[in-house]
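S.K.: only the shape, not the letters, is given here:
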């Protein structure tokens, strides 16, 4: 590595690093974006940059190339220069990661457009070793800036540079064009000093080369603009095919020589398509039921190359599943979310509910409207961390394969939940695409439904009466799950009279069945039928179901069937989404129940009582603001707090509520908290 010139050659003091951190925090205000510098997550930025106060309330850093002081933050005007920070970090990377000498690098290099008098300046230009011919042109933008690709292309063409790089500190685009008559290609990286583009293409990619700290949503936004705008292809479907192909490849790479990764761009577009198609076909075979056997990659070879170039350098199999969770929420079309009422349940809401119900390693867990699989994923992790923390990874995966179940009717949500569970480490989890409310529809003789019926049959409730038991084997009405957690879709009404007449709760005050009924009524009753006597349940419901005068019959029915363990009112902002999406406006509550049971042979004892205490709480701090944006926790020094996975911690009170419930549950001697 070439020697670093001043001022980057000496490590700043701890005091200087703290000052740098505070200024960076002001310049890059969005805390989710880690100073808006996700692309440099492998660098200790506070140790590299030395920001100092040269004049009162004016902060500077010294340019690595020009060795002059640059104003990067004006406290009085609250104005900064984020592009300059990004440029300095790129210069540092060019020297330390790519081996270029400082003499090969120029900043604000002149760009002439033909015979025009007007002169432009390129942010960074990297020259070949001869220091006379440009090799790479880099254009730096603000973290929220998306434009500039055309600009950097024109710079590289005018200067005769083979490679053009656009970067905003979050992600970068690397473009390559051998000849002006050819189209630009997308590369996954830039060559190191002395390397050619062909050398870069021949380079083997290994699991250890893949980044684990990245913003997948930002990558998908770029692909949306570069690839899917105007193609007519579904971004959701095509990206999902590639994600599954990449997951398969990362799993297989563990056992390959040098852990080589095959999901990458190749020498030409046709070879890239062939290799991706092979990986996708093997992924279809490994995870049956996610895709149709006839499904294929529909993207044209040039567009596929762009997608693969953006995805090949990141690790999808990542312990930090929030990355994929947020990306899948972005992928799910807003229209589908609005029509079906399918809003992703915030992870901190899920964690609180999971903690309160305390699933055990020998208990079967189900979500009958599993959506993205959040309740299943967190239930699995809860058991892993609290009950199986000393067990091997294989033991943990065996638990997940046996005890975790999910059902969702929507194809997209089914794929998302399967993908997230696969990413978390359980590729063969029992997640089925079925209509939970209508078990009569499960009898269709498709391969997928035959497999679902076979696996679910093992968990049907067994009745002592032969005829009753045979009937249940046919209807799939009553199950023996221990724990159920769900946030069913509220939207829509049921008009099917045959389905309505299968439920007790649909009857009106006169005991007659109406022509139509609300969907969530069916979910309340159906979910109670899924859990065994003594089984427990957490469900998100519109608050009106629990306090409106015209829903009293629902509450009376529930009290007859189960003990109400807790009711937690959720803040209005809990399910709000940032613009332009629209979140759920209905005020909601978390309802916790335990089914009555006085026979220990059937399940945990929960003897019927007419009078008993109920845990009641109202969340005052939802973790979101009125615009639907997450609000993050800060420590006493004003620094953002992070969890063990490097995620910013959401500022909410649901964990405190969960802790209070646990104390209440132990005082009441609930069996699942003894």
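M.R.: Cool, the structure landed. Keep in mind that what you see is a predicted model, and the values were worked out from it rather than measured.

S.K.: ok, now which ones touch residue 66?
M.R.: Residues in contact with residue 66, defined by C-beta atoms under 8 Å, 6 or more residues apart in numbering, are residue 107. (C-beta placed from N, C-alpha, C; glycine too.)

S.K.: assign it to helix, strand or coil.
M.R.: coil (DSSP: H, G, I helix; E, B strand; the rest coil).

S.K.: so which bits of stretch 253-270 are buried?
M.R.: Applying a neighbour-count criterion of 16 or more other C-beta atoms under 10 Å, one finds 253, 259, 261, 262, 263, 264, 265, 266, 269 buried in stretch 253-270.

S.K.: closest to residue 524 out of the residues you listed?
M.R.: Checking the buried residues of stretch 253-270 against residue 524 with C-beta to C-beta, the nearest one is residue 263 at 44.1 Å.

S.K.: my read: that closest one touches residue 243, true?
M.R.: No: with contact taken as C-beta atoms under 8 Å, residue 263 and residue 243 are classed as non-touching, separated by 10.1 Å.

S.K.: got any ranges where the stretch 401-550 of the chain has weak pLDDT?
M.R.: Low-confidence segments of the stretch 401-550 of the chain (pLDDT under 70): 427-428.

S.K.: could you pull out the helices for it?
M.R.: Ranges of helices within the stretch 401-550 of the chain are 411-424, 447-457, 466-475, 497-500, 519-530, 544-547, based on DSSP state H, counting those that start in this stretch.

S.K.: below-threshold pLDDT in this structure: ranges please.
M.R.: Applying pLDDT under 70 to the chain flags residues 1-9, 30-36, 114-119, 143-147, 333-343, 427-428, 578-586.

S.K.: just want the most central residue of it.
M.R.: Computing the C-alpha centroid of the chain and ranking residues by C-alpha atoms, centre = their mean puts residue 325 first, at 1.7 Å.

S.K.: that one sits in which helix or strand?
M.R.: Secondary structure assigned from DSSP states H and E places residue 325 in helix 322-331.

S.K.: which strands and helices lie in contact with that helix?
M.R.: In this structure, helix 322-331 packs against helix 216-223, helix 235-253, helix 411-424, with contacts taken as 3 or more C-beta pairs under 8 Å, 6 or more residues apart in numbering; DSSP states H and E.

S.K.: how far off centre is the shortest one?
M.R.: What separates the centre of helix 216-223 from the centre of its chain is 12 Å, taken as C-alpha atoms, centre = their mean, to the nearest Å.

S.K.: who's in contact with it?
M.R.: Residues from elsewhere that reach helix 216-223 (C-beta under 8 Å, 6+ apart): 38, 146, 170-171, 173, 235, 239, 306-307, 310-311, 314, 323-324, 326-327, 330-331.

S.K.: just want the angle from that helix to helix 322-331.
M.R.: Taking axes from the mean of the first three to the mean of the last three C-alpha atoms, to 10 degrees, one finds helix 216-223 and helix 322-331 inclined to each other by 40 degrees.

S.K.: what angle separates helix 216-223 from helix 235-253?
M.R.: Per the same axes, to 10 degrees, the angle that helix 216-223 makes with helix 235-253 is 120 degrees.
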